[in-house]
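**Q** show me how the following folds:
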Amino acid sequence: MNILNEKGVKTQQIGGTHYVYRDKPYWDKSKKQNRHAREYIGKLDEGGTFIPNKEYLRCQNEKELGENSTFQSSVASRKFFGAVHLLNYISENTGLKQDLFKVFGAKLGKKIMSLAYFLVLEGESSMYRFRKFAKTHKHPYELPISSQQISDIFAGISEQEKTAFFSLWAKRCLKEEEYLAYDTTSISSYSEMMKQVKFGKNKDSDNLAQINLALLFGEKSKLPVYYRKMPGNINDVSAVKKMLADISFLGINKANFVLDRGFYSKENVDNLYKNHHKFLIAGRSNTDIYKNFISDISERITEFANYSIEHDLYCTTKETRWNYEYEDRQGKKQTKKKIIYLHGYFDSARAEREKNSFLKKLKLAQEAFNLGNHTDKEKSLIKRFFIVTDCENCTLKNHNQEAIEAHLKTFGFFMLLSNNIKGATEALSVYRNKDVAEKAFFNIKNRLDMKRTKVSLEESLEGKLFLQFIALIYISYIHQTISSHDLYKNYSMASLLDEIDVIEIFEYQNKKTHFSEITKKQRTLLECFGVSF
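**A** Numbers count the residues shown, from 1 in each chain. Okay, the predicted model is just below:
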């Protein structure tokens with residue numbers, strides 16, 4: 001059929017070229033009259049033959065794929081379904097599907113789930129390969145999603161929709177007395193078009209500009225709760241204040257936070273008190289509160305009563321008062337005394353490792369100095385631990401044994417501060433559980449292929465990060481189950497998913513759906529997740 005014979009298809013000559021368009025009439029409510037819009041679909045060559053443009057070809061291709069898929073599924077379909085069945089179960093069991101549908105609607109919600117399934121099962125593959133995945137796997141959306149559609153989904157996810165989703169998801173995830181591990185990582189980028197791509201402290205040691213990604217992770221639920229993107233030059237200390245504002249906006253009140261020493265500052269602790277949050281945070285060794293506390297406990301820390309068989313180290317606790325500084329309603333600075341628990345720890349094995357590392361570093365600095373090829377860091381060590389006769393030229397005389405011995409006494413110690421955990425062993429258990437966030441970042445960067453942004457536009461990155469977050473929920477759930485059933489001794493996550501992925505689903509028109517044979521091994525694995533066929 002000639003395209004020009006279709007209803008509503010017309011031509012327009014512009015500068016000697018005949019363009020083909022569809023005339024689309026519509027009612028203008030404001031002007032209360034019929035109007036017309038033009039959708040250009042191609043042009044005519046010199047012989048009058050229709051030459052379609054890319055958008056027309058894309059639409060026709062997707063229409064054809066959709067019709068074929070609809071026809072085939074209505075007659076017969078045979079696709080892989082085992083791993084998808086597991087992901088469907090997780091979607092229902094966690095309430096993730098319900099929250100996605102409530103915020104994005106069923107159609108877009110299914111697309112987001114399908115793309116997340118692809119990331120989980122084919123994480124190292126580029127998104128454009130989703131169409132191949134869709135041909136072999138049954139998935140929530142059922143139809144293929146083109147590269148252009150994926151880009152449109154990325155760009156179309158709004159800040160309002162993300163906020164609405166996080167509000168629902170956070171309420172679902174936060175268990176009673178849940179501790180939220182907070183951490184950040186850097187994601188390198190080659191893009192020069194995104195405003196937040198900046199040079200900063202790159203945690204992967206890449207010599208590239210970056211964005212920073214902050215993540216909240218539930219220690220009990222073992223699931224990611226919230227994330228936010230930050231400029232690459234924002235450090236960890238300054239990120240906490242914004243994070244507290246974000247979670248307040250999301251309706252997360254009186255949360256329990258676990259933070260490593262990179263987030264420690266007096267201002268951050270004051271803000272945690274101000275917002276009535278419970279916290280556990282590691283102290284910095286260069287602060288007065290750390291130095292005074294470690295000095296106070298160093299002589300008695302190795303007493304038998306302080307030994308913890310659970311953690312195989314020595315620990316003790318001191319209850320004291322924190323000088324909480326705030327501004328009153330008139331803007332005047334005020335100070336209150338707040339209860340805080342200082343937990344001190346000494347690990348003899350760690351002390352020995354730190355001692356050996358320090359002595360080796362100091363010896364290498366001495367040798368480098370004598371050869372005249374020392375670095376600025378090595379020069380700093382020389383000035384601190386050697387007797388220098390000429391400060392300007394840093395002329396070396398001898399080592400300072402007193403300074404070295406004083407420094408050696410600080411090794412093996414670390415401190416945690418909390419406003420609610422009274423016991424040192426409990427505090428350390430909670431703190432060590434924060435590695436769930438570190439494992440999550442590993443999964444984002446490796447299994448979900450996010451070591452580089454791989455997008456150049458801000459809007460696309462926002463959508464891609466959100467999709468990565470949804471995929472991370474599935475991966476975290478799977479990881480938790482594999483760990484709790486001690487399955488890692490026989491499987492990696494990829495090999496486990498591959499094992500169950502080959503289970504097929506057969507669908508025929510007007511006939512009952514059935515599945516391929518399920519082996520004893522596959523059934524046992526699925527039972528660990530509470531899944532059955």
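
**Q** show me what contacts G344?
**A** Neighbour list for G344: 293-294, 297, 301, 315-318, 413-415, 424 [criterion: CB atoms under 8 Å, 6 or more residues apart in numbering]. Every residue, glycine included, has its C-beta placed from N, CA and C.

**Q** now swap in M493 and tell me
**A** Applying CB under 8 Å, 6+ apart, the residues near M493 are 447, 475, 478-479, 482.

**Q** most neighbours among those residues, please name it.
**A** Counting neighbours by other CB atoms under 10 Å, I475 comes out on top of the contacts of M493 with 24 neighbours.

**Q** helix, strand, or coil at that residue?
**A** helix (DSSP: H, G, I helix; E, B strand; the rest coil).

**Q** so it touches L121, yeah?
**A** No: taking contacts as CB atoms under 8 Å, I475 lies outside contact range of L121: 10.4 Å.

**Q** quick one, helices of the stretch 1-150 of the chain?
**A** In the stretch 1-150 of the chain, the segments counted as helices under DSSP state H, counting those that start in this stretch are 54-75, 82-94, 96-121, 130-136, 147-156.

**Q** next: the stretch 251-400 of the chain.
**A** Going by DSSP H, counting those that start in this stretch, the stretch 251-400 of the chain shows helices at 266-274, 288-297, 348-371, 376-385.

**Q** S126 is nearest to which of those helices?
**A** helix 266-274 (39.3 Å; CB to CB).

**Q** which residues are contacting that closest one?
**A** 237, 240-241, 244, 257, 259, 279, 281, 322, 324-326, 338, 417, 419.

**Q** just curious, which of those residues is nearest to G8?
**A** Distances from G8 to the contacts of helix 266-274, taken by CB to CB, are shortest for L244, at 56.0 Å.

**Q** just checking, the closest one touches H276?
**A** No: using CB under 8 Å as the test, L244 is too far from H276 to be in contact (10.6 Å).

**Q** point out where this protein drops to low pLDDT.
**A** The model of the chain has pLDDT under 70 over residues 1-2, 54, 57-58, 60-75, 124, 175-176, 186-210, 230-236, 389-397, 436-459.

**Q** can I get the buried part of the contacts of helix 266-274 as one PyMOL selection?
**A** A single PyMOL command selects the buried members of these (16 or more other CB atoms under 10 Å):
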select buried, resi 240+244+257+259+279+281+322+324+417+419
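
**Q** please flag which of the contacts of helix 266-274 sit within strands.
**A** Those of those mapping onto strands are 257, 259, 279, 281, 322, 324-326, 338, 417, per DSSP state E.

**Q** export the helices of the stretch 1-150 of the chain as a markdown table, with columns for mean neighbour count.
**A** Output for those, formatted as a markdown table (neighbours: other CB atoms under 10 Å):
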| stretch | mean neighbour count |
| --- | --- |
| helix 54-75 | 13 |
| helix 82-94 | 20 |
| helix 96-121 | 21 |
| helix 130-136 | 17 |
| helix 147-156 | 17 |
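
**Q** those: which one's closest to Y227?
**A** Closest among the helices of the stretch 1-150 of the chain, using CB to CB: helix 96-121, at 14.4 Å.

**Q** follow-up on the earlier one: drop anything exposed from the contacts of G344.
**A** 293-294, 297, 301, 315-317, 413-415, 424.

**Q** any chance of the residues you listed in CSV, with distance to Y488 too?
**A** Formatted as CSV, the buried ones among the contacts of G344 follow (distance: CB to CB, whole Å):
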residue, distance to Y488
F293, 38
I294, 37
I297, 38
I301, 35
C315, 30
T316, 35
T317, 35
F413, 33
F414, 28
M415, 33
A424, 30
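
**Q** who does Y182 bridge with?
**A** Here Y182 sits in beta bridges with L216, as judged by DSSP bridges.

**Q** pretty sure it contacts L216?
**A** Yes: between Y182 and L216 there is a contact at 5.6 Å, judged by CB under 8 Å.

**Q** what's the domain layout of this structure?
**A** As given by automatic domain parsing, the domain ranges for the chain are 3-52, 64-158+480-515, 350-408.

**Q** determine which stretch of those is the most buried.
**A** domain 64-158+480-515 (a mean of 17; mean count of other CB atoms under 10 Å).

**Q** now that domain, how far from the chain's geometric center?
**A** Computed by CA atoms, centre = their mean, to the nearest Å, the chain-centroid distance of domain 64-158+480-515 equals 21 Å.

**Q** then stretch 258-277?
**A** For stretch 258-277, the distance to the chain centre is 21 Å (CA atoms, centre = their mean).

**Q** distance between the ends of that stretch?
**A** End-to-end distance of stretch 258-277 (CA to CA, to the nearest Å): 11 Å.

**Q** which parts of it are buried?
**A** For stretch 258-277, by 16+ other CB under 10 Å, it's 258-265, 268-273, 275, 277.
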